[in-house]
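> Structural data only, the sequence is not supplied:
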């Protein structure tokens, strides 16, 4: 079964063609944008998958032979040009096929996603086709991907439900003295069990991260074997990727009794998070949502707010997928649009106390918003 | 505690300087190469971390403010130039700082890792410093990273032990009728529990993938909710990332009774895997190891061998880290070197039967090899 309908992919291809301007051909080199155009999420792992869309004519996928079967099942694009590991280094082999495709198309002006295409790939293409004009279509891809279709929103709902289950498993199983990483296992198992039972057709990956106390000052630290100890604010994040669409829930949890400074930070976080969600509606500027949270931090005298309040989610991971126009930040005056799915996750760095946060997935609707993740974000406590 | 000693990082920086030729400055833009030079594994998630190494003078890390605390703990490089989300789009903000650093250094010829640096980042740098000469240092990084130091081998041993635990959990818990993704949860929980108890200081991520029967023909398909059903060859992969160093075990497992064609494929895979491991020794060409497995497939009349027999592991993921010179492939006549850690994972696509494989982590030693993963690869059976 394909992930997205043939109609959906054809709509994307048509929109892409209509927006890539004077280009003869538009190309998605990155995982994210090749997947967007083809409907087939083929991870590179060193072997490029490239989706080539001529202004006039049928699209072509350049792909490793071993991935062809999977791509044929998932994509309505049937013209696959494959290379194998015997053809020499994979990037060289893929670019050689691309050169042949572009020659056949008599392409002179080619657009591509420069934001995630390796410089070496483009250098090689330029060496082989020195006359080719190249333009950056990153912003075309970004504006298409910023607004999710109904089919994409369904995928994001699945991930959100799975991430919620992971958080609920943590909240019901965690006890003082257990190791963080043991709880990572419990939470991930609950997510996979639920996903398998409820969405057996969906390919799912799950993830868990947590930091206690001052370790939350180191952003993006992974979970380790530290036992849960009382008197700390803990930050817990459960993540689910359904078909590579990234969803997450984060919660700030009190371990036992907190001191007044910890309580004050926890209460401020709850308020900033709730008020920022309340502000989400179509037409509201991203900067305005950011400002709601920022004002609450400032009023509480938390001045180290170095991060925006959230970001557009979707196909998004540590390496690719971030859309600047969907960043909830002070400089970004773009309006929220119905179909955007963003996280609201305001936070501040508070030396000596920590930097935990609440995070929820929020869909912008025609009239306001819907919070896709359902775990309560009030005063949570373990022990 | 840093992951790597100050001596280790200083040795890397010295070697890098001595190998980047006429460049005034060498830069690691990618996660993989910035981490290699700095010792700090800061995932980008849209916010670049760039390690800048002048030929003469102290290195500089350009980094998001929120990641600085973590980088200062992990890296001996102390000159951090930070940007925040208020400074505008993160790539622009990081490149502006880079331009200032390069101007201060009066740099004219700059080398960088073109294989994983986005084309748009380099285009922006060229626009801001049109006189700058840029050269591609990908092969310098690759040859340094190809051979692991003792400290890196220790990290790879940790991951290998964790991946083994995940596979053993699958082998002891799996029963016909259980859902694949439920077993993913069981295996991942066993890995995290073991990791937390045994290596509490190591940041660990784990992963699990499985395919039954013909689904293994679709390479890299993720786990779904399909129940284990008898009469199939199943492919199971457990992966552990210790400090982002990727290790994996894969096993071909019979579910109940196999038919003669399935048995023949299973036996051929066991033989190709064992013989290819036996061939690993310093000085042996990568192509020769590949050829050992390929001959066994050919003799069994399995002709669809589109993949090399393995690859150099280390910091390696779906997006970055692959070193072509460490690919175990027919065209790659580079010799194996002591300190390389490769996977041996020969496989063939057999229409109507499947495409599973055994995979182990193998360290090239001074005199031969050591298999770091310990799960037996004989005739494994569930049900």
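Received, thanks. Here the structure is a predicted model, which means the values were calculated and not measured. Residues are numbered from 1 along each chain as shown, chains lettered A, B, ... in the order given.
> From here on, just use CA atoms for contacts and neighbour counts.
OK.
> Could I get the contacting residues of the nearest residue to residue A:317 once chain neighbours are set aside?
Using C-alpha to C-alpha, 6 or more residues apart in numbering or on different chains and skipping the chain neighbours, the partner closest in space to residue A:317 is residue B:45 (6.4 Å). By C-alpha atoms under 8 Å, 6 or more residues apart in numbering or on different chains, the contact list for residue B:45 reads A:317, A:318, A:319, A:320, A:322.
> where does residue A:176 fall, helix, sheet strand or coil?
coil (DSSP: H, G, I helix; E, B strand; the rest coil).
> Just give me the residue right at the centre of chain A.
For chain A, residue A:316 is the residue whose C-alpha lies nearest the centre (C-alpha atoms, centre = their mean; 2.3 Å).
> just to revisit the earlier point, compare the contacts of residue B:45 and tell me which has the most neighbours.
Within these, most neighbours by other C-alpha atoms under 10 Å in any protein chain shown means residue A:322, with 23 neighbours.
> for it, helix, strand, or coil?
coil.
> which residues in chain A form strands?
With DSSP state E as the criterion, chain A has strands at A:25-28, A:50-54, A:60-64, A:80-83, A:109-112, A:133-136, A:204-212, A:232-242, A:245-255, A:314-315, A:341-344, A:360-364, A:369-371, A:380-382.
> ok, residues contacting the shortest one?
Here strand A:314-315 makes contact (C-alpha under 8 Å, 6+ apart) with A:32, A:148, A:156, A:244, A:245, A:246, A:247, A:321, A:341.
> Quick check: the gap between residue A:321 and chain B.
To chain B, residue A:321 is 8 Å away according to C-alpha to the nearest C-alpha, to the nearest Å.
> Contact partners for the residue in the stretch 251-383 of chain A that chain B sits nearest to?
With C-alpha to the nearest C-alpha as the measure, residue A:318 is the residue of the stretch 251-383 of chain A nearest to chain B, at 4.1 Å. With contacts defined as C-alpha under 8 Å, 6+ apart, residue A:318 is in contact with B:43, B:44, B:45, B:46.
> before we move on, what about residue A:256?
Counted by C-alpha under 8 Å, 6+ apart, residue A:256 has contacts A:230, A:231, A:232, A:381, A:382, A:383.
> and the residues you listed, which are buried?
Among the contacts of residue A:256, those scoring as buried are A:230, A:231, A:232, A:381, A:382 (criterion: 16 or more other C-alpha atoms under 10 Å in any protein chain shown).
> Would you mind giving the residues you listed as a markdown table with pLDDT added?
Shown next, in a markdown table, are the buried ones among the contacts of residue A:256 (pLDDT from 0 to 100):
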| residue | pLDDT |
| --- | --- |
| A:230 | 97 |
| A:231 | 96 |
| A:232 | 95 |
| A:381 | 96 |
| A:382 | 97 |
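> So which of the residues you listed is the closest to residue B:117?
residue A:232 (39.6 Å; C-alpha to C-alpha).
> wait, the closest one sits on residue A:255?
Yes. The pair residue A:232 / residue A:255 is scored as a contact, 5.3 Å apart, by C-alpha atoms under 8 Å.
> and stretch A:13-30, how far out from the chain's middle?
Its chain's C-alpha centre lies 22 Å from the corresponding centre of stretch A:13-30 when counted by C-alpha atoms, centre = their mean, to the nearest Å.
> Residues contacting that stretch, please?
Counting by C-alpha under 8 Å, 6+ apart, A:34, A:37, A:48-56, A:107-113, A:116-117, A:135, A:137, A:140-141, A:144, A:320 sit against stretch A:13-30.
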